[in-house]
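Colleague: task: produce atomic coordinates for the following.
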Amino acid sequence: MSSTVNLTPEQITRLFTRPDGGYAFARWGRPIAPIVFGVEDETLAVVKGAIEAVATLAGHQMAETDPELGSNLMFFFFREWEELLTVPDLDRMIPELPTLVPRLSEADASQYRAFRFDDQGAIQAAFVFLRMKGPMAELPAETLALTQAVQIMLMWGEAAFADTSPLAVLPDTGATILRPEIAGVIAAAYDRMMPPSADDASHALRLFARLQAPVTPEVEQ
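Modeller: Now for the predicted structure:
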């Protein structure tokens, strides 16, 4: 199935707008080597499959290991935020962990993502924390995995998906897919001629220009 991307430059800009109004974009600058903690093997395969599907859409590479970090994308599934304080060496990777955990617990947060960047501003590593209680725990594994894969593929603005999910459900089949316009943004962001990071909103205009092709890929789970 083909779809026409219809995002405006202003809508693209909002996808990468920080709370202070500034523009901030980054993509991965190295192959993604994921590892997942706290799930059974069946869910592990679903998560890794979703990451691979979105990486393939972007034309970006996956890897078994990162030569510098071992794994550069870490998923943590748990029930209570306090559990993170007992994970060995996690405070070395997330130095703010001792103050972060009480803040997230008090806010009753369901998820948190942290990124690390290289000297070009590209994503070097990412950490995804998912508290599996309430609505989060009720999501189908495929939907949860694809949503998270989308959200780590780029550094999106905090409000990028606050009102509208990056996923859609096909009415004919009930299959959950990545919305074509979001798939288009991801593919455009990984264009070889695009920079690995940007802090000027003119970058959104360059993304928009690459979204004018009439067909965008679909990612389905």
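
Colleague: tell me the residue furthest from the middle of the protein?
Modeller: Most distant from the centre of the chain: Asp172, at 27.1 Å, with distances by Cα atoms, centre = their mean.

Colleague: now Trp156, nearest residue through space, not along the chain?
Modeller: Leu15 (5.8 Å; Cβ to Cβ, 6 or more residues apart in numbering). The C-beta positions use only the backbone N, C-alpha and C, and glycine is treated the same way.

Colleague: report pLDDT for that neighbour.
Modeller: pLDDT recorded at Leu15 is 97.

Colleague: for it, list the residues it contacts.
Modeller: For Leu15, the contact set (Cβ atoms under 8 Å, 6 or more residues apart in numbering) comprises 156-157, 160, 185, 204.

Colleague: could you dump those residues to CSV with neighbour count, secondary structure and pLDDT?
Modeller: Listed next are those as CSV, based on neighbours: other Cβ atoms under 10 Å; DSSP: H, G, I helix; E, B strand; the rest coil; pLDDT from 0 to 100:
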residue, neighbour count, secondary structure, pLDDT
Trp156, 22, coil, 97
Gly157, 19, coil, 96
Ala160, 19, coil, 95
Val185, 29, helix, 96
Ala204, 24, helix, 97
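
Colleague: can you tell me which of the residues you listed is nearest Ile94?
Modeller: The closest of those to Ile94 turns out to be Trp156 (Cβ to Cβ; 19.6 Å).

Colleague: the closest one against Phe16, yeah?
Modeller: Yes: counting by Cβ atoms under 8 Å, Trp156 does reach Phe16; the two are 6.5 Å apart.

Colleague: can you give me the helices in the protein?
Modeller: Assigned by DSSP state H, the chain shows helices spanning 9-15, 41-58, 90-93, 97-106, 135-138, 141-153, 180-189, 202-210.

Colleague: who are the contact partners of the residue lying closest to Tyr190 once chain neighbours are set aside?
Modeller: Once flanking residues are discounted, Tyr190 sits nearest to Ala58: 4.0 Å by Cβ to Cβ, 6+ apart. Ala58 makes contacts with 27, 153, 186-187, 189-190, as judged by Cβ under 8 Å, 6+ apart.

Colleague: widest-spaced pair of those?
Modeller: Arg27 and Ala187 (11.1 Å).

Colleague: got the buried residues for stretch 163-173?
Modeller: Buried residues in stretch 163-173, counted by 16 or more other Cβ atoms under 10 Å: 166-168.

Colleague: scratch that, stretch 135-155 is what I was asking about
Modeller: Using 16+ other Cβ under 10 Å as the test for burial, stretch 135-155 gives 141-155.

Colleague: so where's this structure shaky on pLDDT?
Modeller: Within the chain, the set of residues satisfying pLDDT under 70 comprises 1-5, 213-221.

Colleague: swap the cut-off to 50 and go again
Modeller: For the chain, residues meeting the criterion pLDDT under 50 lie at 1-4, 215-217.
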